[in-house]
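Visitor: Using only what follows, build the 3D model:
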Amino acid sequence: MPTNDTQREVLVENLDLDPEAVTAEATIEGLGIDSLDMVELVCDIEDRCEVEFGEPEGLVTIGDIVAHIDSLK
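Guide: Residues are numbered from 1 along each chain as shown. Sure, this is the predicted structure:
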């Protein structure tokens, strides 16, 4: 499953977000994702994508997160 689809699935399942709102251009803040949500998201993404997410800086959009995950594979 492509990273973008995996991330969308995790966000929709865990945060009850509208799948249509989870686009590459959507901002983390704009989706209402707080620091606790982000920690949970990272843990789920690490499990599903089998990567070590780390503590990257400068992630603002969903596209930024996807690009970071793809860089780890």
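Visitor: List the buried residues of the longest helix seen in the chain.
Guide: Of all the segments assigned as helix in the chain under DSSP state H, the longest by residue count is helix 35-49. Of the residues in helix 35-49, those scored as buried under the neighbour-count criterion (16 or more other Cβ atoms under 10 Å) are Asp37, Leu41, Val42, Asp44, Ile45, Cys49. All C-beta atoms are positioned from the backbone trio N, CA, C, and that covers glycine.
Visitor: Tell me the buried residues in the helix or strand that that helix is followed by?
Guide: Past helix 35-49, heading to the C-terminal end, the next element that is a helix or strand (DSSP states H and E) is helix 62-72. Along helix 62-72, the positions that meet the burial threshold by neighbour count (16+ other Cβ under 10 Å) are Ile62, Gly63, Ile65, Val66, His68, Ile69.
Visitor: Correct me if wrong: the first one contacts Gly30.
Guide: No - counting by Cβ atoms under 8 Å, Ile62 does not reach Gly30; the two are 9.6 Å apart.
Visitor: Any stretches of this structure with poor pLDDT?
Guide: Where the chain drops to pLDDT under 70, the residues are 1.
Visitor: Now do the contacts for Gly63.
Guide: Counting by Cβ atoms under 8 Å, 6 or more residues apart in numbering, Gly63 makes contact with Ala24, Glu25.
Visitor: what's the spacing between it and Val51?
Guide: The span separating Gly63 from Val51 equals 17 Å under the rule Cβ to Cβ, to the nearest Å.
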